Structures are given as C-alpha cells and as structure tokens.
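In: Here's my sequence, what's the structure:
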Amino acid sequence: MNRSKPITWIRASLLAVPVLATQVAFTQLQISTELRPMSAAFAQEGGAKAERETRRTPALRNAIYEKLSEAQVAAEAKDYGTAKAILDELIATSGSKALNSYELANVYNLYAFIQYSKEDYAGALKSYEKVVSQPDIPLAMEINTRFTIAQLYFVQEQWQKGIDALEKWFAMTETPNANAYILLAQGYYQVKDYDKALVNVDKAIAMSKAADKVPKEQWYNLARFLYFEKNDVNNTVAVLEELLKYYPKKEYWVQISHMYGEQDKTSQQLAAMETAYVQNMLDKDNEQVTMAYLYLNADVPYKAAKVMDKGLNNNSIDGKSKNWELAGNAWRQAQELDKAIPAMEEAAAKSDKGELYARLGNIYLDNDQFSKAITAINKGLSRGGVKRPDTARLVLGMAYFNLNEYGKAREAFIAAGKDERSATYAQQWIGYMDSEIERQQALKDEGRALEAELAEAPGLQQAEGESGAAADEETAGDSAADVESADDSAAGEKEQAGQPAAG
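Out: This is a model prediction of the structure:
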C-alpha cells in the first residue's frame, strides 16, 4: 500500500510572498528637513565614490536660511499651510534676490517633506526630482535624495522606476549598506527578475555575516522564496538550515521537512517534522496528519497511530472519516486490533460508501469476531461503493465458514468466484469446505456405527468393564484430535486463500 500523501499546503507555504518591498520602504524612509548653510565654496561631503567630480556649491545666504528655518519649524509643527506659504514666497523672488541652485534644492526638499507628511507621495516625488535636477548641489545631498526617491517609487509600487533610481544611487555611493541591497533585491523580486534579486539578497546576507551580525529573518525568507521559485532545492534547504539556526520557528521545521523529502533524505525529513511535533508546534490538522504519514512511511505505525489518536481525541485533528480511517489503519499495522476496530468503526459510520465497512469486516475476521464481520461486510455491500466486492465476499464466506454456516458460506464463495480475480481462491475454499463437510460427516457416521455396535453387545461391554471405558475415552480422544486437525487445516487454508488486507 502506498502510504505517501501529497502535502501541497507545504509547497504553498514555501511560495508564500516574502516581506513586501513597500513595507520596507515605509520603515526605512526618513524624510530630512535638515538645512545646511554653506559659506565654503566647496562641498565635499562623504559617501561619494573616489572618482566623483569636485563640485562648487553656491552658498546658502543667511536671509534665505532664516526663511527656510521658519518654514521648517511650521512644517514640523504640522502647520503645513504656513510652511508652504513661506516656501511659495521664496520661490517667487526674482532679480538679485532670486534663489540659487542650492537654495532651490533646500526649498524643494522642504516642499517634499510637507507633501510626504500629507501622504502626497506623487507630489513628494516631483519635489525630490526637482532637488536632484539642480546643478552643483552637494553630492551627499544628491546621494541621500536619490535614495529617498527610490524608496518613494517603491512605496507607490512603481517597481521599475524604483530600481532605476536605486541603481543610480548605487553608482554614486562608495559604501552601500546591506539594507540598500535588500531594497534592490525586493525591487527585482517584484518585477520577477529573480536572478538579480538573488544576487542582491545574497550580497546583503554575506555583508551582515561579515560584520558578525545575524541577518534579518525577512532577508532569509526572500532568499528562500527565490531559490524555491527557481527549483533550486539544495540552496532552499541551505537557507532553511540557516533560518533554523537563528529563528527556530515551526514553519521552518515543516518546510525543511518537506524539502528533505524532495532530496529523498527520508530520515532527516522525519526528524525535522518530529522535532516540531515533540515541541507541540504542530497545532494544525494537516501538520499532524502529515506527521502520521511520515511515521507510516518510516514503518513506525504505532507512533502514527498515537499521533492520530491524540489529535482526534483533543479535536486538533478533524474527526472526518478519512482521518479515522488513517488511525484505524495505523493501529492495525501496529497489530493493535482492539484499538483499530473502534477507529475503523468511526471511519465507516462517517463514510457514505460501503468500502470502510468491508475493511472493518476484515479486521473483525482477524480478531475472530465472525458475527460482527458478517454484519459489517453485509452492510458495506448493501451500501455500495466497495472497491473489491469479490474480496469482501471471500471474507464473508470465511466468517460464515468459521460459524459452521456452510450454506451461506457457499453462497458467498460462489458470488466471489464470479470475479476472475477471486475465482481460484473461491474454488479452493469451496473445495476445502466440501472436504471438511465430508470429513465431519464421516466422523459422525463412524460415531453412530460404534454406538450401534456397543448397543448390540451389552454383555461384552459389561465384561470388559474398565477396559471398555478406556476404549471409549481413546475413541473420544481420537475424535477430538480429528476436530483439532480440521481447525488447523481450516486456518491453513484460510491463509492459503489469501485473506484480504484492510488497507
């Protein structure tokens, strides 16, 4: 019997969408209103590549700085109307008071802050784009703004634009951190460019390890998803093993158990699932049923039966017919017929087909409960849906035979023999039953003849006394031996006929 059971729900969990890029963008996005008055002619702030150009940045004049500071205070106090009015006034200046590129960049940066605070992300994006379009702004300001632009595109789920903006940022910065690689990886994940997504998430994880830090759980989950999507079983397992090292959660034990199965590592598959089970992590119906199937596949039916018994009795496993059937089969394979019977009774009662009653009858026969076997099999045949009616009728005939109801046994065997798959067994049983009937009849005839002979010679019986009594005892002993021999022969024939299994 194939005891394996597809566990597509585990595959679904492995394909679960990893942490969303939009969520990461929200948590990482930091809008700055910092103002930087520049009196120096050069702004060479850190973070740019060595080959970056030297920029001559215009100064931020004090009068403009004071107005910007006033607008900033209003914005941070959520007085957005006042803040915007100040900025509008600054933008409107012309002539000698017209704003230079650096001053304009600071104005648009503050506009963006106000718009972002009001959840006007499209407006904030436009303002940030105006910041980086200004010539000769400090390189650090451009770098930071480009990163913010990329994040805002991700917030709006404009994945490709976010990727493009982030790639520009990478081209400008010397020291991108692991979070930036993760953000880029999630962008590529969203556009289904899994190869590039993997390159970046693996880079982030490697950077974190190199810094003696534990990579974030979400990073591993993104890598797990990407490898699984590429059908890279070995690397999926490797990522899950890392996850379990740092984050030993139930879902990872369940997932790695499934993946070990994909690698045909059956002992590790069982061990991983069992680790979760003994820690009472498997609280879902399908998880516990999977545990039982794994025990059955490992030829440990007793443990499978215990899992099912516990779950069915505490209602953590659905008490449907199929689950009671699994419990009954496990108990039967464990040679615990007294426990298999009530489980299979539940299964049969909850089923709308007769198949399980036929199997129940088989178990009753194994347990020498012949009358119950007859009742169960007849109920199954009457209900319909028995997969092998011929086999069920063979078992029915055996039960009748063991109750010495030879006429009904013959009817059952004849009916079974109409199916060519059981014809040979049925004929063997009929032949054996006929010989048994003849043997029993011969014993009866012999007994009657002996009684008649003794009745005709009472004097001889009286003369022999104890000798005659001894002869009677010997004769009775021979008859008992013959009956015992017949029982043994019937049992042997029953085995030869191939009593059907319950599974």
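In: what about Tyr194, how many neighbours?
Out: 16 (other Cβ atoms under 10 Å). (Each C-beta comes from the backbone N, C-alpha and C, glycine too.)
In: residues of stretch 307-314 that come out buried?
Out: 307-309, 311-312 (16 or more other Cβ atoms under 10 Å).
In: Now that stretch: average pLDDT?
Out: Averaged across stretch 307-314, pLDDT comes to 98.
In: ok, and what's touching it?
Out: 277, 285, 288-289, 291-292, 295, 316-317, 319, 323-324, 326-327, 330-331, 339, 343 (Cβ atoms under 8 Å, 6 or more residues apart in numbering).
In: next one: stretch 79-91
Out: 64, 67-68, 70-72, 74-75, 99, 103-104, 107, 110-111, 114, 117-118.
In: mind saving the C-alpha coords of that stretch as CSV?
Out: The C-alpha coordinates for stretch 79-91 follow below in CSV (Å, rounded to 0.1, in the frame of the first residue of the first chain):
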residue,chain,number,x,y,z
ASP,A,79,1.3,73.9,10.3
TYR,A,80,1.7,73.0,6.6
GLY,A,81,-0.2,76.0,5.3
THR,A,82,2.1,78.5,6.9
ALA,A,83,5.2,76.5,5.8
LYS,A,84,4.0,76.3,2.2
ALA,A,85,3.2,80.0,2.1
ILE,A,86,6.8,80.8,3.2
LEU,A,87,8.2,78.5,0.5
ASP,A,88,5.9,79.9,-2.1
GLU,A,89,7.2,83.4,-1.3
LEU,A,90,10.8,82.2,-1.6
ILE,A,91,10.1,80.6,-5.0
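In: Now it: buried residues?
Out: 80, 83-84, 86-87, 90.
In: nearest to Ala59, of those residues?
Out: Leu90 (15.6 Å; Cβ to Cβ).
In: Helix or strand: which one has the closest one?
Out: Applying DSSP states H and E as the criterion places Leu90 in helix 80-92.
In: related to what we said a few turns ago, would you reformat the buried residues of stretch 307-314 as TSV and include secondary structure?
Out: Shown next, in TSV, are the buried residues of stretch 307-314 (DSSP: H, G, I helix; E, B strand; the rest coil):
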residue	secondary structure
Val307	helix
Met308	helix
Asp309	helix
Gly311	helix
Leu312	helix
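In: give me every residue that touches Ile256.
Out: 237, 240-241, 244, 272.
In: go with 10 Å
Out: By Cβ atoms under 10 Å, 6 or more residues apart in numbering, Ile256 lies in contact with 14, 224, 236-237, 239-241, 243-244, 268-269, 271-273, 275-276.
In: neighbours around Gly384, how many?
Out: 11.
In: separation between the closest residue to Lys387 other than its chain neighbours and Leu396?
Out: In this structure, Lys387 finds its nearest non-sequential neighbour in Glu355, 5.6 Å apart by Cβ to Cβ, 6 or more residues apart in numbering. Distance from Glu355 to Leu396, counting by Cβ to Cβ, to the nearest Å: 15 Å.
In: Also Gly187?
Out: Gly187 is 68 Å from Leu396, by Cβ to Cβ.
In: thinking again about what came up before, just confirm the residue nearest to Lys387 contacts Gly380, I think it does.
Out: Yes - judged on Cβ atoms under 10 Å, Glu355 makes contact with Gly380 at a distance of 6.7 Å.
In: higher neighbour count, these two?
Out: Counted by other Cβ under 10 Å, Glu355 and Gly380 do not tie: Gly380 has more neighbours, with 25 against 20.
In: Quick check, Val237 in contact with Met259.
Out: Yes - in terms of Cβ under 10 Å, Val237 counts as a neighbour of Met259; the distance is 4.9 Å.
In: Overlap of the contact sets of those two?
Out: Common contact partners of Val237 and Met259 (Cβ under 10 Å, 6+ apart): 224, 227-228, 265, 268.
In: All the helices of the stretch 151-300 of the chain, residue numbers only.
Out: 159-172, 178-190, 194-210, 217-229, 233-246, 250-262, 266-278, 285-297 (DSSP state H, counting those that start in this stretch).
In: So which of these is the most surrounded?
Out: Stretch with highest mean neighbour count among the helices of the stretch 151-300 of the chain: helix 178-190 (a mean of 24; mean count of other Cβ atoms under 10 Å).
In: Next, the angle from it to helix 194-210.
Out: 160 degrees (axes from the mean of the first three to the mean of the last three Cα atoms, to 10 degrees).
In: Can I get helix 178-190 as PDB, trimmed to CA atoms?
Out: The C-alpha coordinates for helix 178-190 follow below in PDB (Å, rounded to 0.1, in the frame of the first residue of the first chain):
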ATOM      1  CA  ALA A 178      23.100  45.700   3.400                       C
ATOM      2  CA  ASN A 179      19.700  47.300   3.700                       C
ATOM      3  CA  ALA A 180      20.200  49.000   0.300                       C
ATOM      4  CA  TYR A 181      21.000  45.700  -1.400                       C
ATOM      5  CA  ILE A 182      17.900  44.200   0.200                       C
ATOM      6  CA  LEU A 183      15.700  47.100  -1.100                       C
ATOM      7  CA  LEU A 184      17.100  46.500  -4.600                       C
ATOM      8  CA  ALA A 185      16.600  42.700  -4.300                       C
ATOM      9  CA  GLN A 186      12.900  43.300  -3.400                       C
ATOM     10  CA  GLY A 187      12.500  45.600  -6.400                       C
ATOM     11  CA  TYR A 188      13.900  42.900  -8.700                       C
ATOM     12  CA  TYR A 189      11.700  40.400  -7.000                       C
ATOM     13  CA  GLN A 190       8.600  42.500  -7.700                       C
END
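In: Next, the angle helix 159-172 makes with that helix.
Out: Going by the same axes, to 10 degrees, helix 178-190 makes 150 degrees with helix 159-172.
In: and helix 178-190, how far out from the chain's middle?
Out: Offset of helix 178-190 from its chain centre (Cα atoms, centre = their mean, to the nearest Å): 27 Å.
In: again with stretch 360-378
Out: Worked out by Cα atoms, centre = their mean, stretch 360-378 lies 37 Å from the chain centre.
In: Ok, stretch 303-320 next?
Out: On Cα atoms, centre = their mean, the centre of stretch 303-320 falls 18 Å from the chain's centre.
In: Same question for stretch 126-138.
Out: Taking mean C-alpha positions (Cα atoms, centre = their mean), stretch 126-138 and its chain are 50 Å apart.
In: let's have the chain start at 39 instead
Out: Understood, numbering begins at 39; the last thing we discussed is stretch 164-176.
In: mean confidence for it?
Out: If you average the pLDDT values across stretch 164-176, you get 95.
In: what comes up buried for the lengthiest helix in the chain?
Out: Counting residues, the longest helix found in the chain (DSSP state H) is helix 458-494. Buried residues in helix 458-494, counting neighbours by 16+ other Cβ under 10 Å, are found at 460, 463-464, 466-468, 470-471, 474.
In: possible to save those as CSV with pLDDT and distance to Asp233?
Out: CSV is the format used below for the buried residues of helix 458-494 (pLDDT from 0 to 100; distance: Cβ to Cβ, whole Å):
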residue, pLDDT, distance to Asp233
Ser460, 96, 59
Tyr463, 96, 61
Ala464, 97, 64
Gln466, 97, 66
Trp467, 97, 66
Ile468, 97, 70
Tyr470, 96, 70
Met471, 96, 72
Glu474, 94, 75
